[in-house]
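1. Fold the following, please.
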Amino acid sequence: MKPFLKWAGNKYAILDRVQEVLPAGNRLVEPFAGSGAVFLNTDYAQALLADSNADLISLYKLLQLQGDEFIAYCRTFFTGEHNHAERYYALREEFNRTQDRRRKAALFLYLNRHGYNGLCRYNAKGGFNVPFGRYAKPYFPEKEMKAFHRKAAHAEFRVADFREVVRDARAGDVVYCDPPYVPLSSTANFTSYHTGGFGSREQNDLARMAELLSARGIPVLISNHDTDVTLVAYRHASSLVKLNVRRMISCNASNRKKAKELLALFKAA
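-> The predicted structure follows:
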């Protein structure tokens with residue numbers, strides 16, 4: 001089941017590997033919701049999806065609550081008159097100004113599908129600033145949105161920092177974390193999709209929390225780049241699965257390389 005949003009680093013391409021490692025449980029907890037690819041393709045009875053990006057979670061909540069009505073509203077933005085640069089930038093400006101929750105959520109989907117490369121990026125003032133993508137006919141993901149709506153019937157969506165989310169984990173939960181990745185080099189970092197950033201302190205906090213949760217019998221799976229930094233941070237993991245992922249890591253098409261990733265499972269023996 002594909003996510004309805006374009007999302008850098010989404011796990012749809014390696015779902016089979018993630019599914020192999022994720023333990024069984026009653027509730028899936030994802031502190032970094034992203035596109036929801038893992039949520040959509042696992043069979044936990046319940047789910048808690050959280051993210052620090054309020055625009056993303058607002059969209060998920062509107063789709064969860066309004067279903068077909070909201071999907072039909074979103075479709076009105078996927079017409080030829082909206083698919084040119086002047087209109088895109090006008091709607092982007094409206095998205096950054098409006099207080100209308102429903103319209104803002106629909107515009108978030110519009111920007112995701114019409115913006116360059118499906119990026120989600122904000123400036124220092126919190127304004128969405130991805131340029132126009134110049135696609136001939138952006139795809140409207142009606143089928144994927146309907147599937148998400150059905151799956152969301154047993155899910156909770158929350159705007160929250162990952163620390164707050166993992167503190168609420170309980171027995172029977174399985175925690176999957178797909179944080180902003182550790183950069184492969186000092187020049188390979190990219191702007192966060194929210195304004196808070198995610199640096200070495202946050203990476204280490206996440207690893208430490210995974211250790212604490214696993215000691216309480218709550219398994220945690222973290223995905224990240226395979227680097228010296230992550231190998232040190234995840235040195236107490238019960239297992240490390242290394243992957244050769246086809247995802248490209250450079251925006252420069254002439255200088256693209258494949259990135260190595262890993263899955264670190266923290267689980268009590």
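
2. Could you list the residues in contact with stretch 59-78?
-> Residues outside stretch 59-78 that contact it (C-beta atoms under 8 Å, 6 or more residues apart in numbering): 33, 36, 49, 91, 101-102, 105-110, 113, 138, 140, 142, 145-146, 148-149, 152-153, 155, 157. Quick note: C-beta positions are derived from backbone N, CA and C, even for glycine.

3. Can you flag the buried ones in the residues you listed?
-> Among those, those classed as buried by neighbour count (16 or more other C-beta atoms under 10 Å) are 33, 36, 49, 91, 102, 105-110, 113, 138, 140, 145, 148-149, 152, 155, 157.

4. So which of those residues belong to strands?
-> Judged by DSSP state E, strands contain the following of those: Leu49, Ala155, Phe157.

5. Would you mind checking which of the residues you listed is nearest to Thr227?
-> Leu49 (26.8 Å; C-beta to C-beta).

6. do you know how far that closest one is from Phe128?
-> Per C-beta to C-beta, to the nearest Å, Leu49 is found 21 Å from Phe128.

7. And for Glu142?
-> Taking C-beta to C-beta, one finds Glu142 at 23 Å from Phe128.

8. So which residue is smack in the middle of this protein?
-> The centroid of the chain falls nearest to Gly34 when counting by C-alpha atoms, centre = their mean (1.1 Å).

9. Read off the pLDDT value for the closest residue in space to it that isn't next to it in sequence.
-> Using C-beta to C-beta, 6 or more residues apart in numbering and skipping residues adjacent in sequence, the residue nearest Gly34 is Trp7, 5.3 Å away. Looking at Trp7, its pLDDT reads 94.

10. And for Gly196?
-> With respect to pLDDT, Gly196 has a value of 54.

11. what's the single longest helix in the protein?
-> helix 200-215 (DSSP state H).
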